[in-house]
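Visitor: sequence unavailable; structure follows:
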Ligand code: AN0
Ligand code: CP
């Protein structure tokens, strides 16, 4: 594998899950694979889990890591072509990506959407510029439209926790005070489409995600109906896709409660706002998988890096 850009880069999800579980059992087994190789992690946005788990994964493989908060510490990067750069940007992505490629054997990038310019977000301006102008492999650490390290993690976590052959998995929209991206939901959907699960999405009217991603998955606007017999409830807020980037609803009637989800396992990518997205009683219960998900981020990243290192 060269780049890891989307869930569609996963060839056979069950063999990937199996390999990730093996890595989890013995994380230091391939400690020599990454010797003298450097992973550069570039953040245009904040992170706790992705930043630490991806570095941890690299360290487990014997790699070195370099981390930079690009938006704060680097020169402003220009992404448009042919611009007369007499404004705020100081260097072009053509040079920036080529330069970082001199120091790193693999580059991982986090670049959130604008949530204002749908066309720019959908063409993945930042991530695609790195793919185009870097000379080394690129890993997506959450781009404008996808978060494939999270999606892979979620697939692993569901596999670890399902006793049934074909569990029912519900992706539920939940409230939030800020306009959030669609990336986590998109990659979760793509991962579930690759697995043998009964999958439904529940969200309020006006919050349907990109139909090119949801395809023929049932979208139920009644959360209660969607939650019937659920084995896993995956909560996530996203801003409207149709009224792009807007918040249409702020009341708490879609909050996830113990009463609503019963015995279903609860999942969330984190960070999560307590008592806005989900009540304390759910997060503090035995049925919450959120910390296990965060742990699995390391092994998902390690699997991806291992596949890239083997191909260098
Ligand atoms: C981001 C999002 O919703 O995409 C990152 C989640 C991993 N969340 C926030 O900005 C709160
Ligand atoms: N789940 C996740 O990607 O978390 P961070 O934004 O903290 O990296």
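Guide: The structure has been received and is ready for your questions. The model shown is predicted, which means the values in this text are computed figures rather than measured ones. Ligands and ions are numbered 1, 2, ... in the order given.

Visitor: burial of residue 241, as a residue count?
Guide: Counted by other Cβ atoms under 10 Å, the residues lying close to residue 241 total 21. (C-beta placed from N, C-alpha, C; glycine too.)

Visitor: point out the residues in the chain that sit beside ligand 1.
Guide: 180-181, 183-184, 269, 271 (Cβ under 6 Å from any ligand atom).

Visitor: mind picking the two most distant members of those?
Guide: Greatest spacing in the residues of the chain next to ligand 1, by Cβ to Cβ: 183 and 271 (14.2 Å).

Visitor: output the residues of the chain next to ligand 1 in TSV, with secondary structure appended to each entry.
Guide: Shown next, in TSV, are the residues of the chain next to ligand 1 (DSSP: H, G, I helix; E, B strand; the rest coil):
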residue	secondary structure
180	coil
181	coil
183	helix
184	helix
269	coil
271	coil
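
Visitor: residue 192 contacts residue 168, doesn't it?
Guide: No - assessed by Cβ atoms under 8 Å, residue 192 is found out of contact with residue 168, at 10.9 Å.

Visitor: where do the helices sit along the stretch 1-150 of the chain?
Guide: With DSSP state H, counting those that start in this stretch applied, the stretch 1-150 of the chain shows helices at 13-25, 49-60, 70-73, 93-103, 118-122, 125-133, 148-161, listed in chain order.

Visitor: just the buried residues of the fifth one, please?
Guide: Within helix 118-122, the residues that qualify as buried by neighbour count (16 or more other Cβ atoms under 10 Å) are 118, 121.

Visitor: so which of the helices of the stretch 1-150 of the chain gets nearest residue 250?
Guide: helix 118-122 (22.0 Å).

Visitor: coming back round to it: now the residues of the chain next to ligand 1: which count as buried?
Guide: 180-181, 183-184, 269.

Visitor: so which of those also contact ligand 2?
Guide: residue 269.

Visitor: could you check the pLDDT of the residue in the stretch 101-250 of the chain positioned nearest to ligand 2?
Guide: The nearest approach of the stretch 101-250 of the chain to ligand 2 comes at residue 150, 5.4 Å away (Cβ to the nearest ligand atom). pLDDT for residue 150: 99.

Visitor: how about the one 4 residues further on?
Guide: The predicted local confidence for residue 154 comes out at a pLDDT of 99.

Visitor: residues touching it, list them.
Guide: By Cβ atoms under 8 Å, 6 or more residues apart in numbering, the residues touching residue 154 are 188, 191, 234, 267, 269, 293.

Visitor: what's the third one sitting at in phi/psi?
Guide: I take that to be residue 234. phi -110, psi 110 (degrees, to the nearest 10).

Visitor: how many neighbours does it have?
Guide: Residue 234 has 29 nearby residues by other Cβ under 10 Å.

Visitor: equivalent analysis for the second one, please.
Guide: Counted by other Cβ under 10 Å, the residues lying close to residue 191 total 24.

Visitor: the residue of the stretch 101-250 of the chain closest to ligand 2 against residue 268, yeah?
Guide: No - using Cβ under 8 Å, residue 150 is not in contact with residue 268, being 10.4 Å away.

Visitor: buried deepest among the helices of the stretch 1-150 of the chain, which one?
Guide: helix 148-161 (a mean of 25; mean count of other Cβ atoms under 10 Å).

Visitor: hmm, residue 267 is touching residue 157, no?
Guide: Yes - contact criterion Cβ under 8 Å: residue 267 and residue 157 qualify, at 6.8 Å.
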